[in-house]
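> Prediction below, plus the sequence it came from.
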Amino acid sequence: MMPSERTSYSLREIVKRYGGEIAGDPEVRVRQVATLEGATPDTIAFLANDRYLSQLKATCAGAVIVSESARAATRLPRIVCANPYAYFARVSALFNPGREPRPGVHAAAVIDPSAAIARDAEIGPFVVIGRSVRIGGGSMIGAGCCLGDGVGVGSGVRLFSNVTVYHDCMIGDRVILHSGVVIGADGFGIAMDEGRWLKVPQIGRVVIGNDVEIGANTTVDRGALDDTVIEEGVKLDNQIQIAHNVRIGAHTAIAAFVGIAGSAKIGRGCRIGGASRIAGHLTIADHVEISTCTLITKSIAKPGTYTGAYPFEPNSEWRKNAAQLRHLNELAERVRTLEKKPAQPKRSKP
Amino acid sequence: MMPSERTSYSLREIVKRYGGEIAGDPEVRVRQVATLEGATPDTIAFLANDRYLSQLKATCAGAVIVSESARAATRLPRIVCANPYAYFARVSALFNPGREPRPGVHAAAVIDPSAAIARDAEIGPFVVIGRSVRIGGGSMIGAGCCLGDGVGVGSGVRLFSNVTVYHDCMIGDRVILHSGVVIGADGFGIAMDEGRWLKVPQIGRVVIGNDVEIGANTTVDRGALDDTVIEEGVKLDNQIQIAHNVRIGAHTAIAAFVGIAGSAKIGRGCRIGGASRIAGHLTIADHVEISTCTLITKSIAKPGTYTGAYPFEPNSEWRKNAAQLRHLNELAERVRTLEKKPAQPKRSKP
Amino acid sequence: MMPSERTSYSLREIVKRYGGEIAGDPEVRVRQVATLEGATPDTIAFLANDRYLSQLKATCAGAVIVSESARAATRLPRIVCANPYAYFARVSALFNPGREPRPGVHAAAVIDPSAAIARDAEIGPFVVIGRSVRIGGGSMIGAGCCLGDGVGVGSGVRLFSNVTVYHDCMIGDRVILHSGVVIGADGFGIAMDEGRWLKVPQIGRVVIGNDVEIGANTTVDRGALDDTVIEEGVKLDNQIQIAHNVRIGAHTAIAAFVGIAGSAKIGRGCRIGGASRIAGHLTIADHVEISTCTLITKSIAKPGTYTGAYPFEPNSEWRKNAAQLRHLNELAERVRTLEKKPAQPKRSKP
């Protein structure tokens, strides 16, 4: 849809909904959100970081959302508020409300007769729904999704195309699962027995709380015996792997490619950078931040930021430094030896 | 199914099937397996690691599986055996036998008339099966799977939903492929030609041996000219990438996110930790263990454990240490210089 | 197809198509390409790297493709050319032309009536095509693919099975998307608001240029406000994650598991090794090479090779060295202290 076809809102109308204070003309109308750089006069942009102050000065936006500290940094009509990025998220949702469900089950879906599907849910083509599945009101199940026997789906849920949910897994309200997500595949449970691996049946479930969003091609394995649990409000990016019996605390956000090994317990409100790895059976406290590409091998009991990535450099430098890294312990011992060298003796009088 | 609906077995019946020795009442009946912590009196738990001895003392399990060394650590009815985890795997499989195939081809599957499908195989809805595909007895092909022309599938195989197998790939008996697995996509073969990449046709296959299990969203590329081979009994976790012309030796187990680059040869009985990477054209000996997050850049000729992960620390510490890492070679040279300083000269007599 | 059923070509015919010079019998006929090791007398192999000279001497190939420098290294009939690997790619494409589209829409596809599909395109079973989708001539859409409303697909495109393209994304000509690829899922845009994450609507698109190939299970997120752009000729391997608003310059090649965080700009003609990570909002110059497993945390302005991977070693060595790494800054200070020790004082005359 082009901006011109959209409903417009005045700053006054926006502030009435979401609070904040207007500086400048409250009757300015906008039709869409934009970046400072890409904005046009019928859009509203935002400044959440002073790094972009020069872009604020140059923007063609019709209005902007700023914090108190940037109130005087522009003459554009503006909404002043405590958290411009969150405010912007709300305004963007106003202009871009997302698709409404089209209630009904597509003729080309295969639904077990024992399934209980809310009347106003939308079931797309080529969906397969197993025995005793329950799907709540207003949920949308995209084309090609497969829900195994006994799966429970809350209300207001959106599964994009080609999502798989294995049997007996539970999905809360307003959960979003992007394409390619696999919930409830068997955990990696194998027992060595005389040179061969025996499969250990994985009989737990995955239980996903309300308001969780899971990115494309992420996998969450079912528990071995007890359940794997993703608490409410957790946000998972793409291509994450959550192993069996992991528990992720409420409102934790995890970036792409993170791997969390079996039975790890992650606290609430944590932020885990992309491609980090958390070893099995660890406990991570609430509000811990883990930097990108960091391997966590021990439990973390205190909030704070933890890091462990090799710094990059030109390859020729790296070759020299990485080679020495293999001799670091030896180097430390040589320094110890130097330190033990007898101090310069006091010169005795001649 | 609730435990109460399940068939129960006495310890005597279990030992008759799987061996081991009973200590305590052999007539105790159990209906399901459980963790020591989550167990109820109608379940059997296990102790495979002395770390959990305190859980053994507190468990509510009706019976436990223990090793000889832990025989006296509990008064509960118990099965004493050499390998409690493997024993537990067998008992769990007894209680949780997995779904039986429901023979037949779903009406909403598209099967090429030249395909040969065993009568007792189960083909789910929205499955697509190409020309000359063969599917063996008792195999289950889940909803939405696509098998290209010429694919061969053994007997007792299970493909969960939304698995893709490209043309001509071969899958052995009792193989399990989880949802989102892609077998036989083109390897990353490109040739630079005057500033543009030419695609190199990938004309090999993927050949998967018996008893292999492959986790959700793992990809195994077809060979460039010869085949990519996964030997019997290999276990691959989720989101692994196996490049073209790799060979993985029998009974090797590989954890999530491992990437194995083109033409690498991995030995038998190896264990490769999560998120490790093996560079192309290397050879890894049998029974090598590679720790999590380790990049292997040279062939490994001897069994043993190999590691190369940056240790994590609080970010403020990491900043200082990582900054020095970029000067490590220089530091080593400075130590060399210190070591060459003339030794304290013998004082000549005045 | 067995080699014997294939069309054969003489070296003279091949050189007429692709240039190069024949040494030896120009009438030798070959039917397929092969590796030096696996070749038979009716195949043609190639030598692109002097490392494999011993294989050249032992090969059973009927003919070989070599560079000028290896002209005299064999007596086999041979094609001498500037770039044997690119030449081989062309010859392989001659023998292995890929499947032709079978024009038409499968009866078991669900196509919105407003979609415009070229007559000679092939739409497979269980495909879902949304409103106003356009699909160009000769394109093949594999089984189970889902194309959202407003998607544009060029001509000569191939989508393998189970690919998802979200609404409004644009795909150029001759693009190849392998199974499990997800184009245009929401970027990871979340705003913290009083302990909860608010979703930031992702209203940009993904725009993919001509001649791009994307490997199995790779994900490319739609832009938050502006678009995510993959320029022409880019080659992406499997299981790569491209975040919102990334731009990848033309003819850049990226190996498996690479993650590129939001708004990063990658130059043209770059080569990025497997499992590397590029942090958000960075700019990487044209023709930069990044080694495997390297985390790039700052913009790179100059071509060159950049590296940052921890070297692997036997675990016992690693333990010692990694432990010291946590004290590296302290070690550097101790060396500084040693260096400051007063130089051996000049002995004063007695």
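In hand now; what should we look at?
> if you skip the residues just before and after it, what's nearest to A:Val220?
A:Ile242 (4.3 Å; C-beta to C-beta, 6 or more residues apart in numbering or on different chains). (Each C-beta comes from the backbone N, C-alpha and C, glycine too.)
> what's that neighbour sitting at in phi/psi?
Per-residue torsions, A:Ile242: phi -110, psi 120 (degrees, to the nearest 10).
> Next: A:Lys57.
In terms of degrees, to the nearest 10, the main-chain angles of A:Lys57 are phi -70, psi -30.
> so it makes contact with A:Thr74?
Yes - when contacts are counted by C-beta atoms under 8 Å, A:Lys57 is listed as touching A:Thr74 (7.0 Å).
> Among these two, which residue is more densely surrounded?
For A:Lys57 and A:Thr74, the more surrounded residue by other C-beta atoms under 10 Å in any protein chain shown is A:Thr74, and the numbers stand at 20 against 12.
> Burial check on the closest residue in space to A:Thr43 that isn't next to it in sequence, number of neighbours?
Leaving aside its chain neighbours, A:Thr43 sits nearest to A:Ala34 (3.9 Å; criterion: C-beta to C-beta, 6+ apart). Neighbourhood size, A:Ala34 [other C-beta under 10 Å]: 24.
> Please verify my assumption that A:Ala34 contacts C:Gly223.
No - in this structure A:Ala34 lies outside contact range of C:Gly223 using C-beta under 8 Å: 11.7 Å.
> Who are the contact partners of the residue of the stretch 251-350 of chain A found nearest chain B?
The stretch 251-350 of chain A approaches chain B most closely through A:Gly308 (3.2 Å), counting by C-beta to the nearest C-beta. Neighbour list for A:Gly308: A:291, A:293-296, B:309-313, B:318 [criterion: C-beta atoms under 8 Å, 6 or more residues apart in numbering or on different chains].
> which residues touch the closest residue to it other than its chain neighbours?
Excluding the flanking residues, the one nearest A:Gly308 by C-beta to C-beta, 6+ apart is B:Phe312, at 3.2 Å. B:Phe312 sits next to A:290, A:294-297, A:306-308, B:318 when contact means C-beta under 8 Å, 6+ apart.
> Restricted to strands, list the residues you listed.
Among the contacts of B:Phe312, the ones falling in strands (DSSP state E) are A:290, A:295-296, A:306-307.
> Generate a PyMOL selection restricted to the buried entries among the residues you listed.
Buried residues within the ones in strands among the contacts of B:Phe312, by 16 or more other C-beta atoms under 10 Å in any protein chain shown, are selected in PyMOL with:
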select buried, chain A and resi 290+295+296+306+307
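> Among the ones in strands among the contacts of B:Phe312, which one lies nearest to chain C?
Nearest to chain C among these, with distances taken as C-beta to the nearest C-beta, is A:Leu295, at 9.8 Å.
> wait, isn't the closest one in contact with A:Ser276?
Yes - using C-beta under 8 Å, A:Leu295 is in contact with A:Ser276, at 7.2 Å.
> A:Ile79: what's it in contact with?
By C-beta under 8 Å, 6+ apart, the contact list for A:Ile79 reads A:11, A:14-15, A:20-23, A:44, A:63-66, A:87.
> er, A:Asn96 actually
A:32-33, C:201, C:203.
> 7 Å - rerun?
C:201, C:203 (C-beta atoms under 7 Å, 6 or more residues apart in numbering or on different chains).
> next one: A:Gly152
So A:Gly152 contacts A:134, A:170-171 (C-beta under 7 Å, 6+ apart).
> could I get these as TSV with neighbour count?
Listed next are the contacts of A:Gly152 as TSV, based on neighbours: other C-beta atoms under 10 Å in any protein chain shown:
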residue	neighbour count
A:Arg134	17
A:Met170	20
A:Ile171	27
